[in-house]
Structure formats: structure tokens, C-alpha cells
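A.B. asks: Quick one: sequence plus predicted model below, questions after.
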Amino acid sequence: MRWRRQLDGRVAEVMAGAGGERLLAWGVLTDDRVAVCTDQAIHAPEIGRVAWDRVVRGAWSEEFLDLVVQAAPGRRPAHARLRFAEPGQVPGVVRERVEWTVVASHPAQLTHPDGRQGSAMLNARRSPVDGDIRWAVVFDPGIDPGDPGWRAAADEALAELRAQLGT
């Protein structure tokens, strides 16, 4: 006989909209809402659903989890702070899932066509859905990701790195 524990109603509600994702962990926030980790994403009130390959960074302290997420390639990362009353296994799962997605991460010095210097992080991340590798550029603060000159410099650096890695 297999024992089934009844799932917290708040978690069940998130999972009902998670389209077949597998529950890994959940925690209770200080406002009594929940953050839910699945095999494909983190679901939290402040950020909605964010696939693991879109979580740039997660840092845990005594009572909160700071997340940096990038909604789409080339966009500025957004910051979210989740304050927990009961974190459960969420911090460990966030760390494991984010680390699993990282295939490569490389700093790059960029030169804008007008001669300005800047830097960015070139990342290859594994999709939690299909395992495909997605390359992304995270520009340092002060660099406008919408500037075609910076985009061209980043694309060139990315092409060089991909050639070195054989991808």
C-alpha cells in the first residue's frame, strides 16, 4: 500500500495550472502564499512562472531568496526577493535546478563600433523542457542591450566562444 499525503491547497492550485510539471518542493512565504518548484520552473507570486534556464542567479539568506531572472534574451534581468516563513526544500532545489541548466558561462570584453569598452556574460543554458541549449548575453549595468553596436559586439563575442567550444 502506498501512502499519499494530501497536498496543500495553495500548492495544488499552482500545480493545476502547471501543465504536467512535476512537483519538487514548495515553501510558505511570510504573506502565507507559496513558492513552488517543479522540474521545469519556479512559480512564485512576485514573478509568476519562470523556467529554470531563465533564472540567472539565486542566493539564499536566513529568511529570503533573492532571484535574478531574465524574461527574454537581451532584456535587463529583473530582481525578486521572496521572504519565507517556511522555506522547505526550496533553497536547495533552486540551487540544483539552476546549476543543472548551466552548460557554459564566460565573461566577455566588448568593444562598441564607436570604440567604447564594456563587458557582458555569455551563457549557454539547457532548457528544462527539451534539453536544447540556449545561448544568452547578460550585459553589465550601463550597457544598453537595445543598442545595435553593443548587440553586434556581443554577437561577435558569442560566435567566437561557440567556435572555441565547438557548438
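C.D. replies: Perfect, thanks for sending it. Since the structure is predicted, the reported quantities are computational estimates derived from the model, not experimental observations. Numbers count the residues shown, from 1 in each chain.
A.B. asks: drop to CA atoms for contacts and neighbour counts, all remaining ones
C.D. replies: Will do.
A.B. asks: what pairs with the most centrally placed residue in the chain across the strands?
C.D. replies: Centroid-nearest residue in the chain: residue 55, 0.8 Å away (criterion: C-alpha atoms, centre = their mean). Beta-bridge partners recorded for residue 55 (DSSP bridges): residue 69.
A.B. asks: Would you agree it is in contact with residue 77?
C.D. replies: No: contact criterion C-alpha atoms under 8 Å: residue 55 and residue 77 do not qualify, at 9.1 Å.
A.B. asks: Give me the common contacts of the two.
C.D. replies: Both residue 55 and residue 77 are contacted by 68-70, under the criterion C-alpha atoms under 8 Å, 6 or more residues apart in numbering.
A.B. asks: Next, count neighbours for residue 12.
C.D. replies: By other C-alpha atoms under 10 Å, 14 other residues sit near residue 12.
A.B. asks: Over to it. Which of the three states is it?
C.D. replies: helix (DSSP: H, G, I helix; E, B strand; the rest coil).
A.B. asks: mind checking pLDDT for it?
C.D. replies: Per-residue confidence (pLDDT) for residue 12: 92.
A.B. asks: Quick check: next helix or strand after the helix or strand of the chain with the lowest mean pLDDT?
C.D. replies: Ranked by mean pLDDT, DSSP states H and E, the helix or strand of the chain with the weakest confidence is strand 133-139, at a mean of 86. As assigned by DSSP states H and E, the chain's next helix or strand after strand 133-139 is helix 148-165.
A.B. asks: about what we covered before: ok, so of the shared contacts of residue 55 and residue 77, who is nearest residue 81?
C.D. replies: Taking C-alpha to C-alpha as the measure, residue 81 lies nearest residue 68 of those, at 8.9 Å.
A.B. asks: Just to check, the closest one is in contact with residue 94?
C.D. replies: No: with contact defined as C-alpha under 8 Å, residue 68 does not reach residue 94; the gap is 11.8 Å.
A.B. asks: quick one, which of the two is more surrounded?
C.D. replies: A count of neighbours by other C-alpha under 10 Å puts residue 94 above the other of residue 68 and residue 94, at 25 against 18.
A.B. asks: so which helix or strand takes in that one?
C.D. replies: helix 90-101.
A.B. asks: Which positions within that helix qualify as buried?
C.D. replies: Counting neighbours by 16 or more other C-alpha atoms under 10 Å, one finds that the buried residues in helix 90-101 are 90-91, 93-94, 97-99, 101.
A.B. asks: Okay, now the unreliable bits of the protein?
C.D. replies: Per-residue confidence for the chain (pLDDT under 70) gives these ranges: 1-5, 73-74.
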